[in-house]
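K.L.:
Whatever this is, show me its structure:
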Amino acid sequence: MVLSASILLAGCETQSAAVIHEPGKPPAERVVRVDPCVDRTGFNGGRALGTEATEALISKVRGGGVFEVKAEAPLMLTCDIERFAAGSAVKRWILPGWGQTQAGLTVMVWKMPEQEVLATFKNLSVVGGGGLFTIGADQYILDVAIGDIVGQLEAWAKGERPGAD
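P.N.:
Here you go, the predicted model:
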């Protein structure tokens with residue numbers, strides 16, 4: 001199981017940037033609500049990317065143990081899917097960089113009811129090389145991107161610098 005997960009993720013490169021408003025001052029609140037993710041890509045592959053991303057975001061936020069997710073909360077997370085390309089493992093195998101699988105997202109933390117943006121987290125995850133072991137990358141790329149953003153979010157909430165390892 002661990003081997004298969006590492007093989008799947010071996011071809012995934014994650015590029016991230018965190019832009020924090022009021023650095024060093026994350027809110028004391030640890031209760032968030034998650035608005036449905038908005039798919040701004042126009043992807044027409046028979047999938048509801050917004051729904052998939054929303055479910056992954058809620059699951060990862062709950063699983064992190066830093067935040068509690070409730071319908072009524074003092075903090076709101078919004079999510080925009082800005083880029084998605086299913087890509088092709090065959091093309092990647094023939095020529096690395098060709099047939100990339102990509103997911104680009106932005107998650108914003110809002111203080112409610114003031115509607116004040118506290119933080120913005122961006123991620124672009126790319127599977128740009130590899131062959132057979134990257135088949136199905138389009139099925140896990142959103143999950144990888146959201147996992148990275150939730151890691152940044154949790155680091156920020158703990159007063160750490162997001163993306164610093």
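K.L.:
CA atoms for contacts and neighbours, from now on please.
P.N.:
OK.
K.L.:
looking at the protein, which helix or strand is least sure?
P.N.:
Lowest on mean pLDDT, DSSP states H and E among the helices and strands of the chain sits helix 2-9, with a mean of 40.
K.L.:
What residues does the closest residue to residue 34 other than its chain neighbours make contact with?
P.N.:
Nearest non-adjacent residue to residue 34, counting by C-alpha to C-alpha, 6 or more residues apart in numbering: residue 77, 4.8 Å away. Contacts for residue 77 (C-alpha atoms under 8 Å, 6 or more residues apart in numbering) come out as 32, 33, 34, 35, 107, 108, 109, 110.
K.L.:
again, 10 Å this time
P.N.:
Contacts for residue 77 (C-alpha atoms under 10 Å, 6 or more residues apart in numbering) come out as 32-37, 57-58, 107-111, 117, 119-120.
K.L.:
now swap in residue 61 and tell me
P.N.:
Going by C-alpha under 10 Å, 6+ apart, the list of residues near residue 61 reads 32, 34, 67, 68, 69, 146, 147, 149, 150, 151, 153, 154.
K.L.:
Just the element for it, please.
P.N.:
Using DSSP states H and E, residue 61 sits within helix 49-64.
K.L.:
So what's the gap between whichever helix or strand comes after that helix and the chain middle?
P.N.:
Per DSSP H and E, the first helix or strand lying C-terminal to helix 49-64 is strand 68-69. Taking C-alpha atoms, centre = their mean, to the nearest Å, one finds strand 68-69 lying 17 Å from the centre of the chain it belongs to.
K.L.:
Brilliant, that's me finished.
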